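Undergrad: Generate a structure from the sequence data that follows.
(one chain, ligands or ions: 1)
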Amino acid sequence: MTAQKASIKTEVPGPKSKELGRLREEYLSKGVGIVAPIFIETAEGSLLNDVDGNVFIDMGSGIGVNNVGNRPPEVVAAVKGQADKFLHLCFQVTPYESYIRLAEKLAKIAPGKDLTKSVLFNSGAEAVENSVKISRHFTKKSAAFSFVHAFHGRTMMAMALTSKEMPYKAGFGPLPETYKVDFAYCYRCPLQMSYPSCGIACADKIDEIWSAPQFEGKVACLIGEPISGEGGFIVPPKEFYPKITKICRNHGVVYIDDEIQTGAGRTGRMWCVEHWPGTEPDMLVSGKGIGGGFPVSATTGRPEIMDAPQVGGLGGTFGGNPVACVAALAQMDLIEKALKNVSKINVYMTRRLLELQKRFPIIGDVRGMGAMMAVELVDDAKTKAPAAKETKAVKVAALQRGLLLLTCGTYDNVIRLHPSMVMSPETLEQAMDLLEQSFEEVIKK
Ligand SMILES: Cc1ncc(COP(=O)(O)O)c(C=O)c1O
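TA: Numbers count the residues shown, from 1 in each chain. Now for the predicted structure:
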């Protein structure tokens with residue numbers, strides 16, 4: 001990929017973006033928030049060109065979607081080719097090949113050779129909803145569990161499984177009944193223990209909870225993100241998931257691996273959970289990055305689980321739309337080729353972030369995997385009081401310089417970096433320089 005540079009020509013947001021922002025306030029629900037008040041006209045690779053002629057480096061990738069950059073030519077060609085054939089039929093009315101081919105592809109690359117059957121949907125949340133439906137049908141049990149700090153989407157069940165109240169859940173209840181268990185957030189251990197002497201006690205607690213009368217024999221599923229995304233890019237230790245899936249097996253609980261944000265190559269493996277050898281998910285939910293910018297998601301699982309629901313119980317009008325399917329097939333090929341590039345991106349980002357941490361003690365933790373790295377900002381290294389104000393200020397300062405950053409975290413104090421897996425070294429270097437300059441501006445040493 002050729003080098004690409006950020007450049008800022010107007011104030012940010014510029015006059016045209018400001019005018020569109022005014023229309024947004026007039027016609028859009030306030031419930032739809034935006035990260036950056038810039039309106040984009042075109043996007044190419046890792047660069048976003050706004051309506052005022054400013055060029056931004058994209059460290060968000062549309063929240064982990066454009067894993068091989070914006071508008072890869074192969075994806076665009078596949079979409080154009082499909083547009084000349086048909087746009088929509090509804091697979092449940094008259095089927096077509098690309099839906100089957102995408103399911104076949106997912107079976108071939110799934111994290112576990114037993115995960116061979118899929119259903120396609122439109123959004124991540126929809127795949128999550130269906131993974132719970134299918135788990136309940138298969139197990140004939142009802143309780144659905146997720147982790148503290150989790151994010152699984154904005155529909156009713158997905159929202160219930162999500163952890164953070166503001167802004168995701170507050171005021172939207174009553175929600176379906178779900179239950180939370182502790183996540184291995186070692187920087188802020190929920191059990192006030194330390195790794196590795198803890199022996200992964202947080203996982204053992206799940207075993208205890210499911211063995212107690214309230215839940216024994218009643219749990220259908222546990223859903224988890226390998227790295228908690230919206231929760232703050234939290235990476236559990238290597239023993240965590242093998243232990244979790246073993247506990248699930250022992251209790252007859254379906255383990256659902258939510259790879260909507262972490263998957264599709266983002267961490268240098270096709271699925272992030274592959275970084276935890278010995279982990280055996282029963283189901284995979286994917287979305288975001290698999291579609292190359294088109295809305296397609298999937299629930300993939302062991303055949304006996306996926307075949308449990310009655311004929312007609314699963315599906316939807318647009319699920320596995322033909323344009324999205326061909327885009328996804330082209331995208332998955334590109335991702336497979338780009339996997340080898342991710343470790344270079346990771347090594348460079350990690351080095352720059354650790355150097356930044358040395359200069360700015362407000363950075364309490366540097367963590368992540370592959371092209372999914374983050375820094376957690378704290379007011380004080382001992383108390384770890386979240387520095388949410390400064391986190392937001394760095395994001396705002398970066399945008400003024402031409403760097404689009406996303407933040408996340410249960411305490412709104414994490415800056416996350418989500419570059420494309422094919423970002424050029426020159427662009428990545430400029431991005432990290434701009435990040436450093438933003439810290440210099442905002443953080444008083
Ligand atoms: C881990 C995870 N699960 C589910 C979702 C929901 O996906 P969607 O926004 O496509 O519904 C997201 C979205 O950010 C996510 O990160």
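
Undergrad: Tell me the helices and strands packed up against the strand or helix carrying Ala298.
TA: Assessed by DSSP states H and E, Ala298 sits inside strand 297-301. Under the contact definition 3 or more C-beta pairs under 8 Å, 6 or more residues apart in numbering; DSSP states H and E, strand 297-301 sits against helix 97-109, strand 117-121, helix 124-139, strand 283-286. Just so you know, the C-beta spots here come from the backbone N, C-alpha and C atoms, and that holds for glycine as well.

Undergrad: among these, which is nearest Lys392?
TA: With respect to Lys392, and counting by C-beta to C-beta, the nearest of the helices and strands packed on strand 297-301 is helix 124-139 at 25.2 Å.

Undergrad: Just the CA trace of the helix or strand following the strand holding Ala298, in PDB.
TA: Downstream of strand 297-301, the next assigned helix or strand under DSSP H and E is helix 303-306. This file holds the C-alpha atoms of helix 303-306, laid out as PDB (Å, rounded to 0.1, in the frame of the first residue of the first chain):
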ATOM      1  CA  PRO A 303     -23.900 -28.900  13.700                       C
ATOM      2  CA  GLU A 304     -25.900 -30.500  16.500                       C
ATOM      3  CA  ILE A 305     -26.400 -27.000  18.100                       C
ATOM      4  CA  MET A 306     -27.100 -25.200  14.800                       C
END
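
Undergrad: Flag every buried residue along helix 303-306.
TA: Buried positions in helix 303-306, judged by neighbour count with 16 or more other C-beta atoms under 10 Å: 305-306.

Undergrad: same check, this time on stretch 338-348
TA: Result for stretch 338-348 [16+ other C-beta under 10 Å]: buried residues 338-339, 341-342, 345-346, 348.

Undergrad: tell me, how many neighbours does the closest residue to the ligand within the chain end up with?
TA: With C-beta to the nearest ligand atom, the shortest gap between the chain and the ligand falls at Gly124, namely 2.2 Å. Applying other C-beta atoms under 10 Å, we find 26 residues neighbouring Gly124.

Undergrad: Who are the contact partners of it?
TA: 152-153, 158, 258, 260-261, 285, 287-288, 297 (C-beta atoms under 8 Å, 6 or more residues apart in numbering).

Undergrad: So the residue nearest the centre of the chain: helix, strand or coil?
TA: Against the mean C-alpha coordinate of the chain, by C-alpha atoms, centre = their mean, the closest residue is Gln261 at 1.8 Å. Following DSSP: H, G, I helix; E, B strand; the rest coil, Gln261 is assigned to coil.

Undergrad: Let me know the distance separating it from Ala385.
TA: For Gln261, the distance to Ala385 (C-beta to C-beta, to the nearest Å) stands at 27 Å.

Undergrad: repeat for Met373
TA: Distance, Met373 to Ala385, by C-beta to C-beta: 23 Å.

Undergrad: what does Gly112 give?
TA: Distance from Gly112 to Ala385, by C-beta to C-beta: 41 Å.

Undergrad: repeat for His152
TA: Relative to Ala385, His152 is positioned 28 Å away (C-beta to C-beta).

Undergrad: circling back: okay, the helices and strands packed on strand 297-301 in CSV with mean pLDDT and distance to Val273 next?
TA: Formatted as CSV, the helices and strands packed on strand 297-301 follow (pLDDT from 0 to 100; distance: least, C-beta to C-beta, whole Å):
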stretch, mean pLDDT, distance to Val273
helix 97-109, 98, 12
strand 117-121, 98, 17
helix 124-139, 98, 14
strand 283-286, 98, 8
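
Undergrad: Comparing those, which comes out most buried?
TA: Ranked by mean neighbour count under mean count of other C-beta atoms under 10 Å, these are led by strand 283-286, which reaches a mean of 28.

Undergrad: now for that one, which elements pack on it?
TA: Using 3+ C-beta pairs under 8 Å, 6+ apart: strand 283-286 touches helix 124-139, strand 254-258, strand 297-301.

Undergrad: Direction included, what does it pair up with?
TA: With DSSP bridges as the test, strand 283-286 is paired with strand 254-258 (parallel), strand 297-301 (antiparallel).

Undergrad: Show me where the protein has its helices.
TA: Residue ranges of the helices in the chain, as given by DSSP state H, are 15-27, 61-64, 73-83, 97-109, 124-139, 156-161, 201-211, 240-251, 303-306, 322-338, 342-359, 388-401, 425-442.

Undergrad: CA atoms of the first one as CSV?
TA: Provided in CSV are the C-alpha atoms of helix 15-27 (Å, rounded to 0.1, in the frame of the first residue of the first chain):
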residue,chain,number,x,y,z
PRO,A,15,-17.5,25.1,7.3
LYS,A,16,-19.2,22.4,5.2
SER,A,17,-19.0,19.9,8.0
LYS,A,18,-20.4,22.5,10.4
GLU,A,19,-23.4,23.1,8.1
LEU,A,20,-24.1,19.4,7.8
GLY,A,21,-23.7,19.2,11.6
ARG,A,22,-26.5,21.8,11.9
LEU,A,23,-28.8,19.7,9.7
ARG,A,24,-27.9,16.6,11.7
GLU,A,25,-29.1,18.4,14.8
GLU,A,26,-32.3,19.4,13.0
TYR,A,27,-33.2,15.9,11.6
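
Undergrad: how about the residues of the stretch 201-350 of the chain near the ligand?
TA: 225, 229-230, 258, 260-261, 287 (C-beta under 6 Å from any ligand atom).

Undergrad: Identify the farthest-apart pair in the buried residues of stretch 338-348.
TA: Leu339 and Tyr348 (16.4 Å).

Undergrad: Closest one to Asp50 out of the contacts of Gly124, please.
TA: Lys288 (22.9 Å).

Undergrad: which residue sits closest to that closest one in space, ignoring its chain neighbours?
TA: Val65 (4.7 Å; C-beta to C-beta, 6 or more residues apart in numbering).

Undergrad: mind listing what that neighbour touches?
TA: Val65 neighbours (C-beta under 8 Å, 6+ apart): 288-289, 291, 293.

Undergrad: Which one of these sits in the busiest neighbourhood?
TA: Counting by other C-beta under 10 Å, top hit in these: Gly289 with 29 neighbours.

Undergrad: How about that residue, nearest residue that isn't a chain neighbour?
TA: Nearest to Gly289 is Ala264, by C-beta to C-beta, 6+ apart, at 3.1 Å.

Undergrad: Over to Phe172?
TA: Phe172 sits nearest to Met159 (C-beta to C-beta, 6+ apart), 6.4 Å away.
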